[in-house]
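Student: give me the fold of what follows.
(one chain, ligands or ions: 1)
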Amino acid sequence: MFRRSWQLIYRMYRYIKPVLEQEFGTWYKRAEQIPDSELRRQALASMSTKKFHCEGGCVYASQTLSYINVLVPLIIAYQTISDYLDNLCDRSTSLDPQDFRQLHLSMQDALTPDAPLRDYYLYREEKDDGGFLASLVRTCQESIRQLPSYAIIQQDVVRLSTLYSELQVYKHIAHDQREAALLNWWKPYQEKYPNIYWQEFSAVTGSTIGIFALFALATAHDLEEQTVTTVIEAYFPWICGLHILLDYLIDLEEDRQGGDLNFVSYYDTEQEAITRLQFFIQQAKLNAKKLPNSEFHQMIVDGLVALYLADRKVNRNQPEIYLIAKQLLRYTRGFPSWFFYINSLLLRR
Ligand SMILES: CC(C)=CCC/C(C)=C/CC/C(C)=C/CC/C(C)=C/CC/C(C)=C/CC/C(C)=C/CC/C(C)=C/COP(=O)(O)OP(=O)(O)O
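Tutor: Just a heads-up that it's a prediction; the model follows:
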């Protein structure tokens, strides 16, 4: 197992990137052949603008090189479903929760080895994707069958995936209803997560990386339940929360102008946003230290901050975001953060 940031980046370029490019390219070509023009447009738009989601997600495959050919296709297929459906819901002509729910059933089917395929487009007009979504689901199912300890993580990944899907439903309904729906959804979880706000809980559920961390664990033949629990406790809420709060931070100005929901905008002041994000970094690091292969998960924390703050939107023309970003990058400190930041700039710009 590797311990250093340069070793992670070396593995990414040497072993992961070739498989990733091949897989991603194949799905992209498949998307180009989607018969329905609107579904095709959304699939291509999400794959063109969000490739870094797959690139970042595939970092988890660097832990076990012997499973690259299982983990990379799995992570790419699952993340592609997530990004494609997000585009369909965002750009939807309807605001129909029933439609959003039905589409997202594909994500839980993808994580259930023998689940039969369903009509995920049942409640929308555009239906003919030429089997694109079904093939993504099937690819996930074929991959998870090859993970020796999948049975031990199955229930938890489906639970995290269901929470993600619920977030996507509530986030995309009518603007005047979504905040109340999200608050109401949060109520039964409030007691379990007393240290976070409702909007932070929503952010936590929006990350796919807790699932990817569990996929990587399931490559072990002797996986213990206790290890799964410790990894979930580190990721949900801390590492996942940090991930999506960063995602919303860089969209803050854009969302403000477009009147879009943004979980970072709920902080009262800039200083509160900085304090809360620093709190998430601190908790994420503390909890990452408790994990098996802890160096890897600590690199994920540094890497997330670097990857998101390397986005084009973080620049001097958006002073609020720029200031918060600078403070956060300084807060993570040390060589790995700067090394990942430079690599992320190369990847994303
Ligand atoms: C291939 C290669 C050489 C890679 C090198 C990568 C690199 C530089 C690694 C070093 C640093 C490192 C360790 C980074 C960590 C990487 C990591 C784990 C990244 C995570 C990527 C990921 C899985 C992203 C998915 C994000 C996600 C699920 C987003 C959706 C969540 C959400 C709720 C979004 C908001 O949606 P909405 O409000 O609808 O708004 P938009 O859709 O408009 O944004």
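Student: please list the residues of the stretch 51-200 of the chain that sit near the ligand.
Tutor: By the rule CB under 6 Å from any ligand atom, the part of the stretch 51-200 of the chain lying against the ligand is 53, 55-57, 59, 79, 82, 86, 90. The way it works is simple: take the backbone N, C-alpha and C, and place the C-beta from them, glycine included.
Student: which of the residues in the helix or strand that contains residue 271 are buried?
Tutor: Using DSSP states H and E, the element containing residue 271 is helix 270-289. Within helix 270-289, the residues that qualify as buried are 273-274, 276-281, 283-285, 287-288, counting by 16 or more other CB atoms under 10 Å.
Student: same check, this time on stretch 37-51
Tutor: Using 16+ other CB under 10 Å, the residues of stretch 37-51 that count as buried are 38-40, 42-47, 50-51.
Student: give me the number of residues near residue 141?
Tutor: 19 (other CB atoms under 10 Å).
Student: for it, what are phi and psi?
Tutor: Torsion angles at residue 141 (phi, psi; degrees, to the nearest 10) stand at phi -60, psi -40.
Student: then residue 224?
Tutor: phi -100, psi 150.
Student: residues contacting it?
Tutor: Contact analysis of residue 224 by CB atoms under 8 Å, 6 or more residues apart in numbering lists nothing.
Student: quick check, the helix-or-strand element of the chain with minimal mean pLDDT touching the ligand?
Tutor: Between all helices and strands in the chain, the lowest mean by mean pLDDT, DSSP states H and E belongs to helix 319-332, at a mean of 86. No - Helix 319-332 stays out of contact with the ligand when judged by CB under 6 Å from any ligand atom, the minimum separation being 11.5 Å.
Student: and the helix holding residue 271, how far out from the chain's middle?
Tutor: Average the C-alpha atoms of helix 270-289, do the same for its chain, and the two points are 18 Å apart (CA atoms, centre = their mean, to the nearest Å).
Student: what about it, average pLDDT?
Tutor: What helix 270-289 shows for mean pLDDT is 95.
Student: count the residues that sit near the nearest residue in space to residue 6 that is not next to it in sequence.
Tutor: Leaving out its chain neighbours, the residue that sits closest to residue 6 by CB to CB, 6 or more residues apart in numbering is residue 339, at 6.8 Å. Other residues lying near residue 339 total 19 when counted by other CB under 10 Å.
Student: before I go, just wanted to say thanks for your time.
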